[in-house]
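> please find the sequence and the predicted model below.
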Amino acid sequence: MDQFYPQAAIATYKLLLKLGCDVAYPEGQTCCGQPLANAGNEAASKGSYLHFVTMFEKYDYIVAPSGSCVYHVRHHFDTLEQTEAVKKVRAKTLDLTEFLLDVLQISSLPAKYPHKVGLHQSCHGLRGLHLGTSSELVNKPVASKLHELLSMVEGLTLVELDRKDECCGFGGTFSVKEPDISVKMGKDRIRDHFSKGAEVITAGDMSCLMHLEGIISRQNIPIKVIHIAEILNTYEI
Amino acid sequence: MMPHAQKAAIFNKDEARTDWHDASLWMVRKKRDFAVSEIPEWEFLREFASDIKMHTLSKLDDYLESFEKAAIQNGAIVHWAADAKEHNDIVLSILNKHQAKKMVKSKSMLTEECHLNEFLEHHNIEVIDSDLGERIIQMLNEPPSHIVLPAIHLKKEEIGELFHRELHTEKGATDPQYLTEAARHHLREKFHTAQVALTGVNFGIAETGEIVVCTNEGNADMGVHLTPVQIHSMGIEKLIPRRSDLAVFTRLLARSATGQPVTVFTSHHRNPKPAGEMHIILVDNGRTEQLGKPDFRSSLKCIRCGACMNTCPIYRRSGGHSYETTIPGPIGSILTPGIDLKKHGQLPFASTLCGSCTDVCPVKIDIHTQLYKWRQIVSEAGLPEGGNKTMMSIMGSGLASPSFFHRLGNIGRKLLRLFPGKERFLSFTVWTKDRDLPKAPVESFREWYAKQTKDAQ
C-alpha cells in the first residue's frame, strides 16, 4: 500500500484527520508478517511481529485500511508471549471500518460518489473480523460495516451480486502457488461485478483489489478498483 | 504425485467445463443456504452438535467400549481394526467364512479410504457399489470426486455413453430418469445374487449399540435386507453418546449436504436378521493419532456432509480428483496431512484461507485455521511447499528491519517505473502470466507523508 497504492493510505490518513483524530504514521513500521506466516513460516515472521508491537504499543488505537493485516495481528499474534504490550496491540488494532463505526461511532459522512459500485467483501475482514455476516451464516443480519459506511455516501449505488462474498482468489502466496485457479477466481468475481453494471469495485483490502486490477488491466475490462477509504474520503471541510 | 496446482491447471484448461463444475456445486450450496434458512435455530444446532462431538471425542475410549458392549448384547459381532489392512482382512475373513464371492456395498467412504475394492478383487471377490454415483465411477474405474456426490464431475452425456457401453442403453440417451432406471434394473440382479452386504455408517450410538445409515436411494437397506450377512464398517469417530443426540445431527446432515430437510432413509440397524449375521468393524486407521493432536483433534467432528467442498471456490474450480485423496476439499486437506505429511503436505496450501468452509461446517470445525496450522508443520518439516527455510528466515529478518524493508520497496517501485509494461521480464512470471502488476506511483505514501509533516512544521 505504501509503495503501490499510496492514494488509499493518503485517503485513510486524511479521512481520520477530518474526523478529528490525532493521526501519526510511525515511519519505522514494516509488515505485520502475514505473508510469511501464511506461507507456513510463522517462526521466521516472529521478528516482524515483535517489531510491529514495538512500533505501535504507545498508541490508543492502531488503524489499518486492511482487514487481513488486522486479522493477522489480532488472531495470529497469539504465538507471541502475551505481554501487556502484545495484549494491548492485539486488542487495539482495528480495521478502518470498525474504527469509524465502533470507536468514532459516525452515523453520517458528507462523502459523494455518484457511481455504480460493486462491493467485494474481503474474506479476512468478513469471516475473520466479522465485519459483516457471511452468506454461510444465514440466520443472522447481513449488513456489513462496509455496507453501512457506503450507505452514507451520496450518489453511490451498490450493485447486487450473484455471489456476494466469494473469495477473489488472491490468498497471498496462493496467488503464485496456484496461479491458474487464483486468476480464474478473480475473473469470475470481476464478471459478476461487471455484468451487474458496476463501474467500480471497492473493498476494504488493497491486496484483493491489486489482484483483481491485475486481471482487469490484462483483459482490458472497463471497470476500476478503488479502496473504500478513497470513496469515504470524497469530501472536503 | 502431481502437485495440486498442476492438476488444477489442467482442470482449468477447459474453462467452459470448469464453469459448469463450479455452477453445479454452487447450486448445491444455494440449496443448502435455502434449507438452513428455514431453521431459525441453525447456529444453535451447529454449536450443540459441535459440543456433542467434542464431548464424545474427549471420552471416546469409554464410549467405544459402551458401544461394543451394547452391540454384542444385540447379537452383533464387533471387530476392531487398527488400520486399513486389518479392516480389509476382517472383511475377507467374513466373506471366506461364508464362502461368499459376491458382495454389494453402499455408502462408505471408509472402504474407499481402505482401498477395499482393489483388495477384494485381488482375492477374486466381486464387489458391486450400489449407490448410483458410486456404481458409475466404479464402472469407469475412477475414485469418487466428492464424498456425497461421487460422480459430480461427470456430465449426463458421459454417463449416457458409459451406460450404452456397459448396460446397453440406447446410444445418445441422456435422460436421467431413463439412465437411472437402467442402472436400477442392472443393480437389482446384483442385489439378488450377492451373499454379503457391506455398508458404511453415519452414526454409531454408544448407548444402544446400533448404527445409523442415512441414504437417499434405499440401496443400503436393500443390500442388508436381501443378504444373510451384513457388515458395517465404521470409523471410530462416528460415535454419538445417545439415540436422543441423533436428531441434532440428522437435522444438520442432509441440509448441509444436499439441501434436503432429511435423507429419504434414515435406517437404524441393531440386530442381526434371524439366522443372519451382523458384523460391525470399528476402524482406527490414523484417527487415534489425529485425536492426539490438540490443534487438529476437532477435525474428527466431521460428519462427512461435503458442504465444505460445495462452498470451496478452489474445489469447485479444480475438481475432487485434483486432491488425490479419498476425502478431497478443505476437510480432506486437514485430515490427510496427518496420515502422510510428505504426500499430502501440499494440500493445506491449496486454499486462500477464505474461511467459507469454517462458516458452512455444520459441526463448526475451524477448517481454515487448521489449514494454516498444517502449513506451519509442513514448513517445519522442511518440505518444499513450505519454502526454503534459509530464504524464509532471511526474509523474516528483512521484514523486521525498517531500512531493508523500505529500500526493497523503493527499489521495486522504481524498477517498475523504469520498465512500465515490461514486468514480465522482471522475473514476476507467475504473477504476470495472466495478471498485470500495479502501476507504480511517483512517490510512496511514506515520501508523501514526510513532505506533509515537513510542510506542517
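Looks like it came in fine.
> longest helix of chain B, counting residues only.
Ordering each helix of chain B by length in residues (DSSP state H) puts helix B:15-37 first.
> run through who's touching that one.
Here helix B:15-37 makes contact (CB atoms under 8 Å, 6 or more residues apart in numbering or on different chains) with A:135-136, A:138-139, A:163, A:184, A:188, B:11-12, B:42, B:149, B:152-153, B:155, B:255-261, B:307, B:309-311, B:315-317, B:319, B:360. For glycine as for every other residue, the C-beta is placed from the backbone atoms N, C-alpha and C.
> buried ones in it, by neighbour count?
B:18, B:21-22, B:25-26, B:28-29, B:31-33, B:35-36 (16 or more other CB atoms under 10 Å in any protein chain shown).
> nearest to B:His164, of those?
Nearest to B:His164 among these is B:His21, at 23.1 Å by CB to CB.
> residue contacts, the nearest residue to A:Leu109 once chain neighbours are set aside?
Spatial nearest neighbour of A:Leu109, chain neighbours left out: A:Met152 (4.6 Å); criterion: CB to CB, 6 or more residues apart in numbering or on different chains. By CB under 8 Å, 6+ apart, the residues touching A:Met152 are A:106-109, A:111.
> narrow those to those that are buried.
A:109, A:111.
> could you export the contacts of A:Met152 as CSV, including pLDDT?
Shown next, in CSV, are those (pLDDT from 0 to 100):
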residue, pLDDT
A:Ile106, 97
A:Ser107, 97
A:Ser108, 97
A:Leu109, 97
A:Ala111, 97
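> for residue 156, grab the count of nearby residues.
Since you didn't name a chain, this refers to chain A. 19 (other CB atoms under 10 Å in any protein chain shown).
> wait, chain B was what I had in mind.
Residues near B:Lys156, counting by other CB under 10 Å, number 12.
> look up how far B:Ile136 lies from the closest residue to it other than its chain neighbours.
Take B:Lys156 and drop its neighbours on the chain: the residue closest to it by CB to CB, 6+ apart is B:Thr174, 4.7 Å away. Using CB to CB, to the nearest Å, we find B:Thr174 at a distance of 14 Å from B:Ile136.
> between the two, which one's more packed in?
The neighbour comparison of B:Thr174 against B:Ile136 (other CB under 10 Å) goes to B:Ile136, with 22 against 16.
> give me the phi and psi for that one.
The phi and psi values for B:Ile136, taken as degrees, to the nearest 10, are phi -60, psi -50.
> try A:Lys58
The phi/psi pair for A:Lys58 (degrees, to the nearest 10) is phi -80, psi 0.
> that one and chain B: what is the separation?
As for A:Lys58, its distance to chain B is 16 Å (criterion: CB to the nearest CB, to the nearest Å).
> please enumerate the strands of the chain.
Let's take chain A. Secondary structure of chain A (DSSP state E): strands at A:62-64, A:93-95, A:116-119, A:157-158, A:200-203, A:224-227.
> not what I meant, chain B
Using DSSP E, strands in chain B cover B:77-81, B:102-106, B:126-129, B:196-199, B:203-205, B:210-215, B:229-235, B:239-240, B:265-269, B:277-283.
> between these, which one is nearest to chain A?
Smallest distance to chain A across these (CB to the nearest CB): 21.9 Å, for strand B:210-215.
> that closest one pairs with which strands?
When pairs are called by DSSP bridges, strand B:210-215 turns out to pair with strand B:203-205 (antiparallel), strand B:265-269 (antiparallel).
> report the buried residues of the last one.
In this case it means strand B:265-269. B:266-267, B:269.
> kindly report the same for the first one.
Residues of strand B:203-205 classed as buried by neighbour count (16+ other CB under 10 Å): B:203-205.
> what's the separation between A:Ser66 and A:Val117?
As for A:Ser66, its distance to A:Val117 is 19 Å (criterion: CB to CB).
> surely A:Thr210 touches A:Phe4?
Check again: residue A:210 is Met, not Thr. Yes - the criterion here is CB atoms under 8 Å, and A:Met210 meets it with A:Phe4 at 7.0 Å.
> quick check: neighbours shared by those two?
With contacts defined as CB under 8 Å, 6+ apart, the residues adjacent to both A:Met210 and A:Phe4 are B:Pro438.
> quick one on the thing from earlier: want to throw the buried residues of strand B:203-205 into TSV with pLDDT?
Output for those, formatted as TSV (pLDDT from 0 to 100):
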residue	pLDDT
B:Phe203	98
B:Gly204	98
B:Ile205	98
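> which one of those residues is nearest to A:Lys196?
Proximity of the buried residues of strand B:203-205 to A:Lys196 (CB to CB) peaks at B:Phe203, which lies at 43.2 Å.
> in contact with the closest one, which residues are there?
With contacts defined as CB under 8 Å, 6+ apart, B:Phe203 is in contact with B:211-212, B:238-240, B:246, B:249.
> tell me the bridge partners for the residue lying closest to it once chain neighbours are set aside.
Once flanking residues are discounted, B:Phe203 sits nearest to B:Val212: 4.3 Å by CB to CB, 6+ apart. On the basis of DSSP bridges, B:Val212 takes part in beta bridges with B:Phe203, B:His268.
> and the pLDDT at B:Val212?
With respect to pLDDT, B:Val212 scores 97.
> let me see the contact set for B:Lys273.
B:225, B:228, B:230.
> now for residue 105, how many residues are close by?
Because you didn't say which chain, this covers chain A. A:Gln105 sits with 7 neighbouring residues when counted by other CB under 10 Å.
> chain B, not that one
When neighbours are counted by other CB under 10 Å, B:Lys105 registers 28.
> so what sits opposite it in the bridge?
B:Asp129, B:Leu198.
> check contacts around it.
With contact set as CB under 8 Å, 6+ apart, B:Lys105 has these partners: B:111, B:116-117, B:127-130, B:134, B:197-199, B:223.
> mind redoing it with 10 Å?
Residues near B:Lys105 by CB atoms under 10 Å, 6 or more residues apart in numbering or on different chains: B:91, B:111, B:116-117, B:120, B:127-131, B:134, B:138, B:194, B:196-200, B:219-220, B:223, B:231, B:233.
> got a list of what the nearest residue to A:Gly28 once chain neighbours are set aside touches?
Of all residues not flanking A:Gly28 in the chain, B:Pro402 sits nearest, at 4.4 Å (CB to CB, 6+ apart). With contact taken as CB under 10 Å, 6+ apart, B:Pro402 is in contact with A:26-30, A:51, A:55.
> quick check, pLDDT for A:Leu146.
We have a pLDDT of 97 for A:Leu146.
> ok, B:Arg424 next?
For B:Arg424, pLDDT reads 52.
> returning to what we had before: just tell me which of the strands of chain B ends up closest to B:Leu179.
strand B:126-129 (16.2 Å).
> just give me how far the closest one sits from the chain centre.
Mean C-alpha position of strand B:126-129 versus that of the full chain (CA atoms, centre = their mean, to the nearest Å) differs by 22 Å.
> list the contacts of that strand.
B:91, B:95, B:100-108, B:111-112, B:116-121, B:134-139, B:144, B:150, B:186-187, B:189-191, B:193-194, B:196-198, B:219, B:223.
> try 6 Å
For strand B:126-129, contacts defined as CB atoms under 6 Å, 6 or more residues apart in numbering or on different chains pick out B:102-105, B:117, B:120, B:135, B:138, B:190.
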